[in-house]
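# Give me a model of this one.
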Amino acid sequence: MDSWLIWLLSGLVLLGAELVLPGIFLLWAGLAAIGTGLVGLAVDPGFPASVVIFVILLAAGVALGLRHRPRGRTSLNTPEAGLAGREGRVLSADATGLRVRIGDSDWAARPAGGTHPTAGALVRVEGVDGTVLVVRALD
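Numbering: from 1, shown residues only. You can find the predicted model right below:
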């Protein structure tokens, strides 16, 4: 069996495994193996040069993937994503702080910017600080 065919088949197996397994690394390895196989089809560089070509293509693919990944912090699966802007009711307001009910959950809260909601007041979540909601009273 020719070495270029082994590289191509290995690349296809890696791409198939990428579909089944979580992550994205096998994508770059599979594409690098297919690229190495295509280079081997055009010219026969020999095994040591083929390994170098594979490593170069793999590094280029990983660098390209890292360059085009989303920048900054995403709001997916963060407390702010589901709570900010929601309204709830103050259950208790005492010296220990506020307890606010949002939906079917009770949360520790603190007032935002000088507001002091009382028990029973309607509030809107302005943000989340760790596990404590920052709320503003709705008048």
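# Please count neighbours and contacts with C-alpha atoms only from this point.
Will do.
# What are the boundaries of the helices in this structure?
Secondary structure of the chain (DSSP state H): helices located at 3-20, 25-42, 47-67, 79-83.
# tell me the most buried of those?
helix 25-42 (a mean of 21; mean count of other Cα atoms under 10 Å).
# quick one: contacts of it?
3-15, 17-18, 50, 53-55, 57-58, 61-62 (Cα atoms under 8 Å, 6 or more residues apart in numbering).
# wait, which of the helices of the chain is closest to V90?
Among the helices of the chain, the nearest to V90 by Cα to Cα is helix 79-83 (15.0 Å).
# a markdown table please, covering the helices of the chain and showing distance to T96 and mean pLDDT.
Output for those, formatted as a markdown table (distance: least, Cα to Cα, whole Å; pLDDT from 0 to 100):
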| stretch | distance to T96 | mean pLDDT |
| --- | --- | --- |
| helix 3-20 | 50 | 94 |
| helix 25-42 | 49 | 94 |
| helix 47-67 | 46 | 93 |
| helix 79-83 | 22 | 66 |
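# For G113, which of the ones you listed is the nearest?
Ranking those by distance to G113, with Cα to Cα as the measure, places helix 79-83 first at 18.1 Å.
# show me the contacts for S50.
T36, G40 are the contacts of S50 under Cα under 8 Å, 6+ apart.
# gap between it and I56?
As defined by Cα to Cα, to the nearest Å, S50 lies at a distance of 10 Å from I56.
# what does G40 give?
According to Cα to Cα, G40 stands 14 Å off from I56.
# Over to A63?
The value you get for A63 to I56, if Cα to Cα is used, is 10 Å.
# L26 now?
Distance from L26 to I56, by Cα to Cα: 15 Å.
# Same question for L91.
Distance from L91 to I56, by Cα to Cα: 61 Å.
# Likewise for G23?
Plainly put, G23 is 21 Å away from I56 if you go by Cα to Cα.
# Skipping adjacent residues, who's closest to V123 in space?
Spatially, and ignoring its direct neighbours in sequence, V123 is nearest to A137 (4.3 Å; Cα to Cα, 6 or more residues apart in numbering).
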